[in-house]
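> generate coordinates for the sequence data below:
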Amino acid sequence: MVLAGDEMEPDPERWGNKFAPDGVYYPRIIFLTHKGNRMNVTNNKEDQYKFWYDEPDGIAAAMDRAVEVFKAHEDNREKTEL
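Down below sits the predicted model:
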């Protein structure tokens, strides 16, 4: 887990919207793979702030989804390498 303050925001000229896929706002939680690629895990709400969580239970649920997404990715990778 990385906590980045406003002054530590990744440079959009270098990274594009990789770390701000739906705009820049604070706080937000973005799940990344071990290679730094953004995972498609959001708060599952129908609002514009997909990476903002208002309750600890929502964060825990998103963490569980991130683990499942990562496991599925790893399982697919192992099958293609066999």
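
> break down the chain into its helices, ranges please.
12-15, 56-81 (DSSP state H).

> in the least confident helix or strand in the chain by mean pLDDT, what's buried?
Comparing helices and strands within the chain by mean pLDDT, DSSP states H and E singles out helix 12-15 as the least confident, with a mean of 76. Counting neighbours by 16 or more other C-beta atoms under 10 Å, one finds that helix 12-15 has no buried residues. (Glycine included, C-beta is placed from N, CA and C.)

> contacting residues around that helix?
Residues from elsewhere that reach helix 12-15, judged by C-beta atoms under 8 Å, 6 or more residues apart in numbering: A20.

> from M63, how far out is the residue lying closest to A66 once chain neighbours are set aside?
What sits nearest to A66 in space, not counting adjacent residues and going by C-beta to C-beta, 6 or more residues apart in numbering, is F31, at 4.1 Å. With distances taken as C-beta to C-beta, to the nearest Å, F31 is found 8 Å from M63.
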